[in-house]
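> fold the following, please.
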Amino acid sequence: METMEAILTRRSIRKYLPDPVGRDIIESILRAGMGAPSAGDEQPWHFIIIDRHDLLEKISEMHPYAKMLKNSPAALLICADPNVPKFKDYWIQDCSAACENMLLAAHDQGLGAVWIGIYPAEKLVAGTRELLGIPEHIVPFAAISLGYPAEEKPGRSRYEVSRIHDNSW
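Below you'll find the predicted structure:
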């Protein structure tokens, strides 16, 4: 898939077939995430592969916008170590870039995926940290549900010329 095609046709997919997602595909998605730019190349991210149904179901019950995980064969949790030495306050942008790379890589692999925000909702951060045994200094940032799509959504243009300004507002 060409880059622009992937960007313009990627959609949030919340319904999945029960087929498992292979470890090789998951690792290629993780490689895409780790290929994202990061401030000072600090790469503050950590990733947790979640493919146990009981964990996916518990997250779907805890998070009001993660109901799709109940029927998802896998998810990837993006976490951050905000204590990086040089650029402490940039981990949010760094992890956001990793998430977008992973969503595009999943789409390229024929998977459906959706970004599920966790940070900065303290209750979700604490619940996710406790459920998955994440150390206190690591922040659960977002999850991405993954699966072979059981729904189709056509690409759509979001280009809006009224949002573009030349040289000043």
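> this protein: helices as residue ranges?
Secondary structure of the chain by DSSP state H: the helices cover 3-9, 23-34, 53-62, 91-108, 122-132.
> tell me the contacts of the closest residue to L103 other than its chain neighbours?
Nearest residue to L103 in three dimensions, chain neighbours excluded: A113, at 5.4 Å (Cβ to Cβ, 6 or more residues apart in numbering). Glycine gets a C-beta too; all of them are placed from N, C-alpha and C. By Cβ atoms under 8 Å, 6 or more residues apart in numbering, the residues touching A113 are S12, I13, M102, L103, A106, H107, I144, S145, L146, G147.
> which of those residues has the most neighbours?
S145 (30 neighbours; other Cβ atoms under 10 Å).
> from I13, how far off is that one?
Applying Cβ to Cβ, to the nearest Å, the value for S145 to I13 is 8 Å.
> what do you get for E61?
According to Cβ to Cβ, E61 stands 21 Å off from I13.
> what's the angle between the top strand by length along the chain and helix 91-108?
When the chain is parsed with DSSP state E, its longest strand is strand 139-147. Strand 139-147 runs at 10 degrees relative to helix 91-108, counting by axes from the mean of the first three to the mean of the last three Cα atoms, to 10 degrees.
> who does strand 139-147 touch, helix- and strand-wise?
strand 74-80, helix 91-108, strand 112-117, helix 122-132 (3 or more Cβ pairs under 8 Å, 6 or more residues apart in numbering; DSSP states H and E).
> let's go with 10 Å and repeat that
Helices and strands touching strand 139-147, by 3 or more Cβ pairs under 10 Å, 6 or more residues apart in numbering; DSSP states H and E, are helix 23-34, strand 45-50, helix 53-62, strand 74-80, helix 91-108, strand 112-117, helix 122-132.
> next one: the first one to chain centre, how far?
The chain centre lies 12 Å from the centre of helix 23-34; the measure is Cα atoms, centre = their mean, to the nearest Å.
> what's the answer for the third one, then?
With Cα atoms, centre = their mean as the basis, the distance from the averaged C-alpha position of helix 53-62 to the chain average is 16 Å.
> who touches both of S145 and I13?
Among the neighbours of S145, those also in contact with I13 (Cβ atoms under 10 Å, 6 or more residues apart in numbering) are M68, S72, A106, L111, G112, A113, V114.
> out of these, which comes closest to E151?
Distance to E151 across the shared contacts of S145 and I13 (Cβ to Cβ) is lowest for G112, with 7.3 Å.
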